[in-house]
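Asker: Structure here, sequence nowhere to be found:
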């Protein structure tokens, strides 16, 4: 099993267990063959732990990986900082005070930058249609496009002003499903008009603000693609997000090891179909075995499929272009 094909790993973002960076991740980074690493609360206890990990991951490569984190606040908090507000998105928006909200986001952005974090996967642009949407509880700024945009626009502007990267999620929207994609694949019966008049509006605002990354989610949006989850859907990614909404940044998958995907599809198909749909970065957050297999599947498909090879080459160049721009500013 070889990791030596030049830079195919730039399409992948890996997570790992424990407080020590695995040697295979160090080797990939040294070979300039890994797009990013995502850190979780399982990787450290203090901000100093995360700063050390970020430095160690990037130490021996001129082409650094993006260091990702999910630091939404509330129950999705990976690093605890003394004296900072770790409230959820819902709690931060509740007072309807933009000045206080902005101060909290600025402080968190600076704290994450001090830990070597490049990408925070916020803002959440979903709008729950009711309070019993389990995957979204506490994670949203509101239930209408106007409420969400009021706060998400501030988040995006702050990250862009600071030179940090953010990643809006979860396209095309999880606000109308009760099944959590961490465990199973939700199907959404939402009418197509609701997407264009409601769900897509915060994404359109984010795109207009030049957000650098958007994350898709594992959901079958029947009105837009009745066959494929958004993760595998070129109709949703290439035709809608890129073609119609005009997004020109990196399209990032949600964790491909979630039950919605890995329970239902062969791993090779997961990797190939996610790239074919138009993603440039694939998150694989847990299994070293699946991470290694993912790179092998990409290598093998590149050798046998010229169309896939061209897609991969364009995707790698988009990743490298954002890296050059981002790390030049830092």
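Answerer: Arrived safely. Small disclaimer: the values here were computed from a predicted structure and weren't measured.

Asker: Beyond the strand or helix carrying residue 290, next helix or strand please.
Answerer: Following DSSP states H and E, one finds residue 290 within helix 288-304. Counting by DSSP H and E, the next helix or strand C-terminal to helix 288-304 is helix 306-329.

Asker: Would you mind getting the angle between that next one and helix 288-304?
Answerer: In terms of direction (axes from the mean of the first three to the mean of the last three Cα atoms, to 10 degrees), helix 306-329 departs from helix 288-304 by 120 degrees.

Asker: which of the residues in helix 306-329 are buried?
Answerer: Taking 16 or more other Cβ atoms under 10 Å as the neighbour-count basis, helix 306-329 is seen to contain the buried residues 308, 311-312, 315-316, 318-319, 322-323, 326. Bear in mind the C-beta positions are built from the backbone N, C-alpha and C, glycine included.

Asker: Can you tell me the element the closest residue to residue 104 other than its chain neighbours falls in?
Answerer: If you skip the residues right next to it in sequence, residue 104 has residue 85 as its closest partner in space, 4.4 Å away by Cβ to Cβ, 6 or more residues apart in numbering. Assessed by DSSP H and E, residue 85 sits outside every helix and strand.

Asker: Could you check how far residue 85 is from residue 219?
Answerer: For residue 85, the distance to residue 219 equals 31 Å [Cβ to Cβ, to the nearest Å].

Asker: ok, residue 99 - how many residues close by?
Answerer: Neighbour count of residue 99, defined by other Cβ atoms under 10 Å: 7.

Asker: So for it, what pLDDT did the model give?
Answerer: At residue 99 the predicted local confidence, pLDDT, stands at 98.

Asker: likewise the one 3 residues further on?
Answerer: Each residue has a pLDDT score; the one for residue 102 is 98.

Asker: Is there a neighbour count for residue 297? I'd like the number.
Answerer: Here the count is done by other Cβ under 10 Å, and residue 297 has 19 residues near it.

Asker: can you pull the contacts of it?
Answerer: Contact criterion Cβ atoms under 8 Å, 6 or more residues apart in numbering gives 267-268, 271-272 as the residues in contact with residue 297.

Asker: rerun that using 7 Å as the cut-off
Answerer: Contact partners of residue 297, counting by Cβ atoms under 7 Å, 6 or more residues apart in numbering, are 268, 271-272.

Asker: Let me know the average pLDDT across the helix holding residue 290.
Answerer: Here helix 288-304 scores 97 as its mean pLDDT.

Asker: more neighbours, residue 85 and residue 219?
Answerer: residue 219 (27 against 15).

Asker: Nearest to residue 80 among the buried residues of helix 306-329?
Answerer: Distances from residue 80 to the buried residues of helix 306-329, taken as Cβ to Cβ, are shortest for residue 326 (25.9 Å).

Asker: quick one: that closest one and residue 162 touch, right?
Answerer: No: with contact defined as Cβ atoms under 7 Å, residue 326 does not count as touching residue 162 (11.7 Å).

Asker: any idea which helix or strand comes after the longest strand anywhere in the chain?
Answerer: With residue count as the measure and DSSP state E as the assignment, the chain has strand 165-171 as its longest strand. Past strand 165-171, heading to the C-terminal end, the next element that is a helix or strand (DSSP H and E) is strand 187-188.

Asker: quick one: the helix holding residue 290 to chain centroid distance?
Answerer: Using Cα atoms, centre = their mean, to the nearest Å, the mean C-alpha position of helix 288-304 is found 21 Å from that of the whole chain.

Asker: Cool, thanks, signing off.
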